[in-house]
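**Student:** With the sequence up front, the predicted model follows.
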Amino acid sequence: MSAPGYPGPYNNPPYPMAQYGDKSVSPYPAHHGGYGDPHQAPPPGFNPGYNQGPPPVMYQPVAVPEYGAPPGAIAPAMAAAAPVGVPPGLEYLTQIDQILIHQKVELLEAFIGFETNNQYEIKNSLGQKIYNAKEKNDCCTRNCCGSLRSFDMKIKDTMDREVIRIIRPFRCVSCWFPCCLQEMEIQAPPGTTIGYVKQDWHPCLPKFSIQGPNRETC
């Protein structure tokens, strides 16, 4: 006994089934719209736009040990092309417009007033530490000259690489001696002078100018 038939389109034969690798038989009619044939190469000049978008982002290295690394190891930074003319180690600064500088509290200085080498943490706007800065000079200079003391300050990244060195000689603070105004030399990388910060004479206000490596005012 045969199965009962169904009237109308239900009794139509099914679509032909294509065998694997047989491109001559297709179970569905061809369309000119939609996605097109995946086996056909795109027309000349076709650009899907996958490579469009913002430039790659530089990420500052973070002190996170890798799995299986010895204690104290630091994960390497993500590789990215450095902008032209930027000293090594300062690429991250080209993408931010604000930094926060926090001085570390020294217990010896806080309790007995003995002046120690100042240390600072440089952070981004999210509070993440990106650099460390430490002053270097002798004990007599720190405790006898106070805020007028000379110093060399080393700024290091989170992988303990020195990226900036600031050199400040001893200078007078009085506005009546314009020949002994404050100034600082900035080197990046250390040994290569990239500019100066120099105090401009003013009878009442502290004013400073930024100069290039040849002492030209920027």
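**Tutor:** Alright, I've got the coordinates.
**Student:** contacts and neighbour counts: CA atoms only from here.
**Tutor:** Noted.
**Student:** Which stretches in this structure count as strands?
**Tutor:** 100-103, 119-123, 129-136, 151-157, 162-168, 183-187, 193-200, 207-211 (DSSP state E).
**Student:** how about those in a markdown table, adding mean neighbour count?
**Tutor:** Formatted as a markdown table, the strands of the chain follow (neighbours: other Cα atoms under 10 Å):
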| stretch | mean neighbour count |
| --- | --- |
| strand 100-103 | 14 |
| strand 119-123 | 18 |
| strand 129-136 | 20 |
| strand 151-157 | 20 |
| strand 162-168 | 20 |
| strand 183-187 | 19 |
| strand 193-200 | 18 |
| strand 207-211 | 14 |
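**Student:** what's the closest of those to residue 85?
**Tutor:** strand 193-200 (11.0 Å; Cα to Cα).
**Student:** Report the mean per-residue pLDDT for stretch 86-101.
**Tutor:** What stretch 86-101 shows for mean pLDDT is 91.
**Student:** what does stretch 209-218 give?
**Tutor:** 92.
**Student:** residues in contact with it?
**Tutor:** By Cα atoms under 8 Å, 6 or more residues apart in numbering, the residues outside stretch 209-218 that reach it are 193-200.
**Student:** end-to-end on that stretch?
**Tutor:** 8 Å (Cα to Cα, to the nearest Å).
**Student:** likewise stretch 112-120?
**Tutor:** Stretch 112-120 end-to-end distance (Cα to Cα) = 20 Å.
**Student:** and if you look at stretch 90-101?
**Tutor:** 16 Å.
**Student:** ok, what's across the strand from residue 183?
**Tutor:** According to DSSP bridges, the partner residues bridging residue 183 are residue 198.
**Student:** sorry, back to before: could you export the strands of the chain as a markdown table, including distance to residue 89?
**Tutor:** Output for the strands of the chain, formatted as a markdown table (distance: least, Cα to Cα, whole Å):
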| stretch | distance to residue 89 |
| --- | --- |
| strand 100-103 | 18 |
| strand 119-123 | 14 |
| strand 129-136 | 10 |
| strand 151-157 | 7 |
| strand 162-168 | 6 |
| strand 183-187 | 12 |
| strand 193-200 | 14 |
| strand 207-211 | 21 |
